[in-house]
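J.: no sequence on this one, just coordinates:
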């Protein structure tokens, strides 16, 4: 609802109140799934319940952003291979405070740039921000700050053979979420190869165990 309010105030976007309410209801269901309340969430059989490994020839990037008033924003990205193993990860803390949709799109841009610098050819991007993933799938263009970030993402994506966009629940994006909040006090960027901080690796292990 706050995101919708900001879009109306700062981007002069005409909003459909019914769509906003449906989006809130969708988020409520996601939260109940994350909490294990399957019956209350009303999720049908066949929906994704566990982190899934990328197909052969691809790597998967789970990406998240964290925003907190007076703290700034955090970026979390984890790149994982065909067995669920960590290929690399990054955590970044910035002073700037962006509204959530801008922060999520900026986090995706950072993940894309890092993946490009490492020479990946085929990538899957997973995020728990549906509005951003939907905009990327539609290849949206415009003049807002949000669309300018999307333009940068599209530019860097041109270096890859294949890019797949995927929306997932918060539970399935938990490793990236933890990395987005990892650098809680220091401004700057940290990058890891293969091994992430211990408290984050425990979530990686959980994903791999559930995947099997």
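T.: Cool, the structure landed. As the structure is a computational prediction, the values presented were derived from the model and not from experiment.
J.: Which pLDDT value goes with residue 70?
T.: pLDDT recorded at residue 70 is 78.
J.: where does this protein have its least confident helix or strand?
T.: Every helix and strand of the chain was ranked by mean pLDDT, DSSP states H and E. The lowest is helix 38-41, at a mean of 38.
J.: What's the first helix or strand after that one?
T.: Next along the chain after helix 38-41, taking DSSP states H and E as the criterion, comes strand 59-68.
J.: buried stuff in that following strand?
T.: By neighbour count with 16 or more other C-beta atoms under 10 Å, strand 59-68 contains the buried residues 59-67. For the C-beta atoms, the positions are set from N, CA and C on the backbone; glycine is no exception.
J.: partners of that strand in the sheet?
T.: strand 72-80 (antiparallel), strand 122-127 (parallel) (DSSP bridges).
J.: wait, which of these is closest to residue 55?
T.: Comparing the strands paired with strand 59-68 by their distance to residue 55 (C-beta to C-beta), the top pick is strand 122-127, with 8.4 Å.
J.: quick one: residue 170 and residue 180 touch, right?
T.: No: counting by C-beta atoms under 8 Å, residue 170 does not reach residue 180; the two are 11.6 Å apart.
J.: sorry, back to before: can you lay out the strands paired with strand 59-68 as a markdown table showing mean neighbour count?
T.: Formatted as a markdown table, the strands paired with strand 59-68 follow (neighbours: other C-beta atoms under 10 Å):
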| stretch | mean neighbour count |
| --- | --- |
| strand 72-80 | 25 |
| strand 122-127 | 21 |
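J.: Quickly list what the residue nearest the centre of the chain is bridged to.
T.: Central residue of the chain (C-alpha atoms, centre = their mean): residue 127, 2.8 Å from the mean position. Beta-bridge partners for residue 127, by DSSP bridges, are residue 167.
J.: dump the residue contacts of it.
T.: 62-64, 104, 107-108, 133, 166-168, 173 (C-beta atoms under 8 Å, 6 or more residues apart in numbering).
J.: Give me the buried positions along whichever strand or helix holds residue 133.
T.: Following DSSP H and E, one finds residue 133 within helix 130-138. Within helix 130-138, the residues that qualify as buried by neighbour count (16+ other C-beta under 10 Å) are 131-133, 135-136.
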